[in-house]
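J.: Starting from these lines, generate the structure:
(2 chains)
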Amino acid sequence: MNFLKNKKKLRSYREFLYILPFLIIVAIFSYYPLYGWVYAFFDYKPPFPLTMDKFVGIKWFKSMVDTPTKVTQLLNVLRNTFAISGLSTLFSWFPMAFAIFLNEITSKRYRKFVQTVTTLPNFISWVLVYSIAYSVLSSTGAVNSVLMGLGLADTPRMFLQSSEHIWFKMWVWLTWKNAGWAAIMYIAAISGIDEEMNEAARIDGASKIQIIWHITLPSLLPTYFVLLMLNLANFLSNGMEQFYVFQNAFNKEYIQVLDLYVYNLAMGGGGYSLSVAISILKSLVSVVLLVATNSLSKLVRGEGFI
Amino acid sequence: MIKNYATKRELMKKKKKKLSLEDKIIAIISYIVYTFFAFVCIYPFYYIFINSLSANDLSERGKVLIWIKGFHLKNYTDVIKIPGLLDALKISVARTALGTLLTVVASAFLGFMFTQNTLWKRKLWYRFVVATMYFNAGIIPWFITMRNLNLTNNFWGYIFPTIVVPFYIVLCKTFVESIPSELQQAAEIDGAGTLLLFFKIILPIIQPILATVAIFAAVNQWNSFQDTLLLVTDNKLYTLQFILYQYINQASSLKALINSTSSAADLAASLATAQTATSIRMTVTVVVVAPIFLVYPFFQRFFIKGIMIGAVKG
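T.: Numbers count the residues shown, from 1 in each chain, chains lettered A, B, ... in the order given. So this is what the prediction gives:
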């Protein structure tokens, strides 16, 4: 009996040894970087190692707001972040609407075609999106050729080299890339709706719009709610890639979101410590947002999403 | 009674007729709107493709909109001559192949191990891995970590951080859990140990989910840009995505470089095949996007499966 027990124990340790290398990878690449947060409390100048005499306490946190120019810059960055995240939250129903009306296309093959084609941009990188944007929107690109050919413009429009409507343009590119993909979940949910319910409504004389309003939409709302909560939890994290590739001298003031600002500060200006300080604050706010939206979800749906 | 029934049916018919008009309007509008969406998504790719095959003096002025004008393949043979492009292609292919392989193996193995009740502190380690989905130290601490580990300007810097991805592990774990446990019990009675069980029994069965994981991982590796931007200054390690980004910004100097290798007489002879900033940009774009286009139609169902299982779990 004892022998068997030992054998079992040995097996469970041996299995642990099998996964240990992977756990170490996780520890190194996901947990260990958290230690890097200490750089925010030091006067860190790479490549020198940290020494205690470089300890500066919360100097960098204070320095974010110690001169009016810095305050203005930080406020600018926050404004851009809020504007861009706000737009995508405001239009977060778009993929749902996309899925609902896609369902109204009667030809199955055409539906499939639209779905395939609109999902494709999700799988290309932001660099490629930028390259495409550049090709289509440059002064000799397709859009300007057509506009000038039709006499709608006398001179080429500068779509990329301007800050005009930049937040909206960023939303458009984000939607171009993601909407078809985001719609897939709703499309699956729609196909899961009991056909008899639609049939019954139809026999009772409900119109298409009424069916959408009273049957389709309510059955999609739980999914929408979860995605909306996730969206809010990530309100401060727009990612930097999209904005990094689209940034230029003309739009920089309006395109620099928090993630890009953190990057530019460190890699452009060498302000590692300040940059880490900002990203710590960002992380803390993000955790609060995550917990808040999760409990909101628990309140409304009875279950959280973590 | 019968009369009543008849009127009811008539009423229904009437309603149905009225309905179908409304249906038709919605359907027509849907067709128009979705045709527009589809066009907006696909035309830019088509536009770049036909331009990369057209006469360069025409495409430079935006004259190629519907079909190829002045077909030639010189753009592609010229682009290969750009210094560094072939190296970048090799790096991109290598990281995609190796990174995908390691990610798939790790996801399958961990997904399987986290279903084994015998594993010491199974729940703790599972949470330890999955928790990393919800936090992020930020790019600068990550970058400093990578530098301390000597993974900057190092090919392995592309590979190591991508091996363990919690989302893929969750996908695999869910799939393994759906396998009848009798199968594992039978193998264990026959004396199979953990590793034998994994390689002989589990791995062949979970292939469908591995295909999903593989395609996600491969696309992510191929598209990855940020890690090159942060970690790499050695141009031998640049990826295709990264040099494409450079070309977009430096296309005019590249044009001079390539054209200088052709003789002046050649250039004068044909404006149509001399490289322009536009032609270089578009041709490289086609090269970078082509693998995605080739892979995508065959693997679309795997992508969809991935997001659906993820949604159920998440």
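
J.: what kind of secondary structure is A:Ile6 in?
T.: One correction, residue A:6 is Asn, not Ile. Secondary structure state of A:Asn6, per DSSP: H, G, I helix; E, B strand; the rest coil, is helix.

J.: B:Met133: how many residues sit nearby?
T.: Look at B:Met133: counted by other C-beta atoms under 10 Å in any protein chain shown, it has 15 neighbours. (Each C-beta comes from the backbone N, C-alpha and C, glycine too.)

J.: Excluding chain neighbours, give the residue nearest to it in space.
T.: In space, not counting the residues next to it along the chain, B:Met133 is nearest to B:Pro166; the distance is 4.8 Å by C-beta to C-beta, 6 or more residues apart in numbering or on different chains.

J.: check contacts around the one you found.
T.: For B:Pro166, the set of contacting residues under the criterion of C-beta atoms under 8 Å, 6 or more residues apart in numbering or on different chains consists of B:Val129, B:Val130, B:Thr132, B:Met133.

J.: do B:Phe71 as well
T.: Shown here is B:Phe71, whose contacts under the criterion C-beta under 8 Å, 6+ apart are B:Leu53, B:Ser54.

J.: hey, where'd the helices end up in the stretch 101-250 of chain B?
T.: Counting by DSSP state H, counting those that start in this stretch, the stretch 101-250 of chain B has these helices, from start to end: B:122-130, B:139-148, B:156-159, B:166-177, B:181-189, B:194-196, B:203-205, B:207-223, B:226-231, B:240-261.

J.: I'd like those as TSV, with mean pLDDT appended.
T.: Written out in TSV, the entries for those read as follows (pLDDT from 0 to 100):
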stretch	mean pLDDT
helix B:122-130	95
helix B:139-148	91
helix B:156-159	96
helix B:166-177	92
helix B:181-189	87
helix B:194-196	90
helix B:203-205	91
helix B:207-223	91
helix B:226-231	94
helix B:240-261	78
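
J.: do you know which of those lies nearest A:Ala200?
T.: Nearest to A:Ala200 among those is helix B:166-177; the distance by C-beta to C-beta comes to 34.3 Å.

J.: and the closest one, which residues are buried?
T.: Residues of helix B:166-177 classed as buried by neighbour count (16 or more other C-beta atoms under 10 Å in any protein chain shown): B:Pro166, B:Tyr168, B:Ile169, B:Val170, B:Leu171, B:Cys172, B:Lys173, B:Thr174, B:Phe175, B:Val176.

J.: gap between the fourth one and B:Val105?
T.: To tie it back to what came earlier, the one meant is B:Val170. When distances are taken as C-beta to C-beta, to the nearest Å, B:Val170 and B:Val105 turn out to be 16 Å apart.

J.: if we can go back for a sec, distance to B:Lys123 added to the buried residues of helix B:166-177, as CSV?
T.: Rendered in CSV, the data for the buried residues of helix B:166-177 read as follows (distance: C-beta to C-beta, whole Å):
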residue, distance to B:Lys123
B:Pro166, 15
B:Tyr168, 19
B:Ile169, 14
B:Val170, 14
B:Leu171, 19
B:Cys172, 17
B:Lys173, 12
B:Thr174, 16
B:Phe175, 19
B:Val176, 16
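
J.: Out of the residues you listed, which comes closest to B:Arg95?
T.: Nearest to B:Arg95 out of those is B:Tyr168 (C-beta to C-beta; 16.9 Å).

J.: Good, wrapping up.
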